[in-house]
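Participant: need a 3D model of the following:
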Amino acid sequence: MKIQKIIPDWAFATFEHWRAHGRLPNVLRPTTFCEKVLHRILFDRREWLTDTTDKYRVRAYVEERLGAEVLPKLLHVTDDPATIPFDDLPSRFVVKPTHASGWFEAIHDKASLDREKLIAQCREWLARSFYEVHREWAYKNIMPRILVQEFINDGNAALPTDYRFYVFGGKPELISVDREQNDVACCNFYDLSWRRLELSNGRPEIAGDLPPPPHLREMIQAATLLARGTAFVRIDFFDTEAQFYFAEMTWTPNCGFAAFKPPFYERHFGDLWRLDRASPRLPVPAARSLRSVP
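Facilitator: Alright, predicted model coming up:
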């Protein structure tokens, strides 16, 4: 047994925070954004976090509030990757597990796919616990399954651009734009009016000026609806000329390792995040269409 498996969650997560930031966090009275991410990892045990972190179960939540049209088409879900119906799939698709973040395979040409290799990768995912990587509790009790879903093509090279909305108290406050350039994950930050911010989380910047996405206003509205009743959540979307698509909800971004710079922003977004109440579940608002949002 590896030594880290027997270390208590609080000690493991606190040590990782210290290693990332070079100082011990204020766990009981957090003030910065990253400290509040750690506070949630250590203390927030609402089942709702698990429900909405699960890549499969969150689809029902999104469909109820925004409608099924914003979800990438689900092509297959299984706990046995040998059952993936490759012959019936389109030429391009995405494969990912339900119980992790950042684990996926984007298939761009089914004709050249090594099916056995992909099945083996899926089995490896199913056998691993993403929770054990950094002790993010929201991943601990998710049923491991494999999703095969539509590939969202926004015309941006191999992977679509990711628009990530930081929502505090149900109000979007910040947008990060994540895109691969030359196989490097890059990121720019914008306010809701699409003004570029002199803000970083340690990743390289995207080269050149980026135009606002076609459905910026609609994504802001969607993030507001999905985040209602929460103290903080990051909600991610893809966008194309035709429409935008939901990607995922993230409750503990980067495990709290990536501090905002300059430090003013780390404290600013920490101030915006008022810690969750002890309610065991989020309030469930009535389903609404985006078309009904003023």
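
Participant: would you state the helices of the stretch 101-250 of the chain in chain order?
Facilitator: Here the stretch 101-250 of the chain has its helices, by DSSP state H, counting those that start in this stretch, at 115-127, 131-134, 216-227.

Participant: quick one: distance of the longest one to the chain centre.
Facilitator: Between the centre of helix 115-127 and the centre of its chain there are 22 Å (CA atoms, centre = their mean, to the nearest Å).

Participant: then the shortest one?
Facilitator: Distance of helix 131-134 from its chain centroid, counting by CA atoms, centre = their mean, is 16 Å.

Participant: pick the most deeply packed of the helices of the stretch 101-250 of the chain.
Facilitator: By mean neighbour count, with neighbours taken as mean count of other CB atoms under 10 Å, helix 216-227 ranks first of those at a mean of 21. Where C-beta positions appear, they are placed from N, C-alpha and C, glycine not excepted.

Participant: returning to that earlier point: out of the helices of the stretch 101-250 of the chain, nearest to residue 266?
Facilitator: Smallest distance to residue 266 across the helices of the stretch 101-250 of the chain (CB to CB): 19.2 Å, for helix 131-134.

Participant: point out where this protein drops to low pLDDT.
Facilitator: Judged by pLDDT under 70, the chain has its weakly predicted residues at 1-4, 276-294.

Participant: pull the longest strand from it.
Facilitator: strand 171-181 (DSSP state E).

Participant: and it, what does it pack onto?
Facilitator: With contacts defined as 3 or more CB pairs under 8 Å, 6 or more residues apart in numbering; DSSP states H and E, the packing partners of strand 171-181 are strand 162-168, strand 184-190, helix 216-227, helix 263-272.

Participant: surely residue 215 touches residue 239?
Facilitator: Yes. Using CB atoms under 8 Å, residue 215 is in contact with residue 239, at 5.3 Å.

Participant: once you drop chain neighbours, what's closest to residue 61?
Facilitator: Nearest in space to residue 61, with sequence neighbours left out and distances taken as CB to CB, 6 or more residues apart in numbering, is residue 52 at 5.8 Å.

Participant: count residues in the vicinity of that neighbour, would you?
Facilitator: 24 (other CB atoms under 10 Å).

Participant: what sits in contact with each of residue 215 and residue 239?
Facilitator: Where contact means CB atoms under 8 Å, 6 or more residues apart in numbering, no residue is in contact with each of residue 215 and residue 239.

Participant: neighbours of the nearest residue in space to residue 187 that is not next to it in sequence, just the number please.
Facilitator: Excluding the flanking residues, the one nearest residue 187 by CB to CB, 6+ apart is residue 203, at 4.2 Å. Neighbour count for residue 203, taken as other CB under 10 Å: 15.

Participant: how about the most centrally placed residue in the chain, what does it touch?
Facilitator: Residue closest to the mean C-alpha point of the chain, counted by CA atoms, centre = their mean, is residue 250 at 3.9 Å. For residue 250, the contact set (CB under 8 Å, 6+ apart) comprises 53, 101, 164, 233-236.

Participant: what does residue 259 give?
Facilitator: 20-21, 32-34, 201-202, 266 are the contacts of residue 259 under CB under 8 Å, 6+ apart.

Participant: hmm, which of these are the buried ones?
Facilitator: 20-21, 32-34, 201, 266 (16 or more other CB atoms under 10 Å).

Participant: of the residues you listed, which is the nearest to residue 90?
Facilitator: Checking those against residue 90 with CB to CB, the nearest one is residue 201 at 34.4 Å.
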